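K.L.:
Kindly generate the corresponding structure for this input.
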Amino acid sequence: MSNPHATRPYMPGYGILGPNEGRGLLPWSWAEERLTTSHDYWVATVWPDGRPHVMPVWGIWNDESVWFSSSLQSRKARNLRADPRCVVTTDNPTEPVVVEGVAEVVRDLAAIQEMVSRVNEKYASDITLEFMDPDVNATFRVRQRWVFSLNLTDGASPSPRLGVASPLAHQPSANSFITQSGSPCSDGAPHHRGAAGDCLQSPAG
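P.N.:
The predicted model follows:
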């Protein structure tokens with residue numbers, strides 16, 4: 001993928017500077033590095049009745065997607081069968097990368113074998129292709145549609161007052177990466193969806 005369009009996220013009250021102010025925008029390579037090296041990932045799905053569900057998983061970043069596996073009978077797998085929309089985040093809260101996308105079940109054995117090989121290399125595990133039988137354990141691929149990144153490692157931190165959106169002492173680097181077309185906003189025009197539900201006009205709109 002060529003570098004996706006990046007913009008500042010919508011974070012009112014947090015002192016986020018313009019895209020050309022401060023230290024500028026985080027590069028896509030920064031997000032990909034953290035997606036690759038994250039040891040764990042949090043996967044958020046939705047129960048059929050609308051309740052949220054979050055669970056940690058092992059996974060990999062490969063071919064511009066997050067890959068993970070789960071028993072077909074697990075709650076997250078059943079949730080994704082009913083509604084494949086999901087959010088996957090990395091495990092570092094000071095350098096988070098949040099991926100919003102759609103999960104697809106992969107049944108191609110060659111693709112599953114590549115995922116198994118990469119997981120074994122990353123975690124020094126010994127998972128076998130037989131264990132990943134697609135009739136027992138699902139292999140999921142989440143293709144990103146929108147990505148949010150935030151860098152707080154330089155000492156910037158949100159206000160400690162819960163429920164109060166105050167400006168930061170140091171402005172963090174924060175990005176919204178628009179990687180694919182999102183859903184139309186309330187006016188029905190072709191927009192991309194940015195952070196916190198803001199609507200960003202697409203070039204064609």
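
K.L.:
Show me the strands in the protein, by range?
P.N.:
Assignment of strands within the chain using DSSP state E yields the ranges 5-7, 41-46, 52-57, 60-62, 65-71, 85-89, 97-106, 137-151, 173-178, 191-193, 199-201.

K.L.:
Tell me, how many residues neighbour the closest residue to residue 122 other than its chain neighbours?
P.N.:
Excluding the flanking residues, the one nearest residue 122 by C-beta to C-beta, 6 or more residues apart in numbering is residue 60, at 6.1 Å. Any C-beta I mention is one placed from the backbone N, CA and C, and that applies to glycine too. Residues within reach of residue 60, counting by other C-beta atoms under 10 Å, total 22.

K.L.:
so residue 129 makes contact with residue 115?
P.N.:
No. Residue 129 lies out of contact with residue 115 (C-beta atoms under 8 Å); the separation is 9.7 Å.

K.L.:
got the contact list for the residue in the chain sticking out farthest from the centre?
P.N.:
Distance to the chain centre peaks in the chain at residue 130, reaching 28.5 Å (criterion: C-alpha atoms, centre = their mean). The contact partners of residue 130, by C-beta atoms under 8 Å, 6 or more residues apart in numbering, come to none.

K.L.:
Give me the distance between it and residue 58.
P.N.:
18 Å (C-beta to C-beta, to the nearest Å).

K.L.:
now do residue 118
P.N.:
Residue 118 is 11 Å from residue 58, by C-beta to C-beta.

K.L.:
Residue 132 now?
P.N.:
Distance from residue 132 to residue 58, by C-beta to C-beta: 13 Å.

K.L.:
Neighbour count for those two, which is higher?
P.N.:
residue 132 (19 against 16).

K.L.:
residue contacts, the nearest residue to that one once chain neighbours are set aside?
P.N.:
Nearest in space to residue 132, with sequence neighbours left out and distances taken as C-beta to C-beta, 6+ apart, is residue 112 at 5.2 Å. The contact partners of residue 112, taken as C-beta under 8 Å, 6+ apart, are 106, 129, 132, 134, 139.

K.L.:
Residue 18 too?
P.N.:
residue 8.

K.L.:
swap in residue 97?
P.N.:
Taking C-beta under 8 Å, 6+ apart, we find residue 97 in contact with 31, 34-35, 38, 89-90, 147-149.

K.L.:
Name the nearest of those relative to residue 25.
P.N.:
residue 149 (9.1 Å; C-beta to C-beta).

K.L.:
That closest one touches residue 96, doesn't it?
P.N.:
Yes. With contact defined as C-beta under 8 Å, residue 149 reaches residue 96; the gap is 7.1 Å.

K.L.:
who has more neighbours, those two?
P.N.:
Taking other C-beta under 10 Å, residue 149 and residue 96 do not tie; residue 149 has more neighbours (26 against 19).
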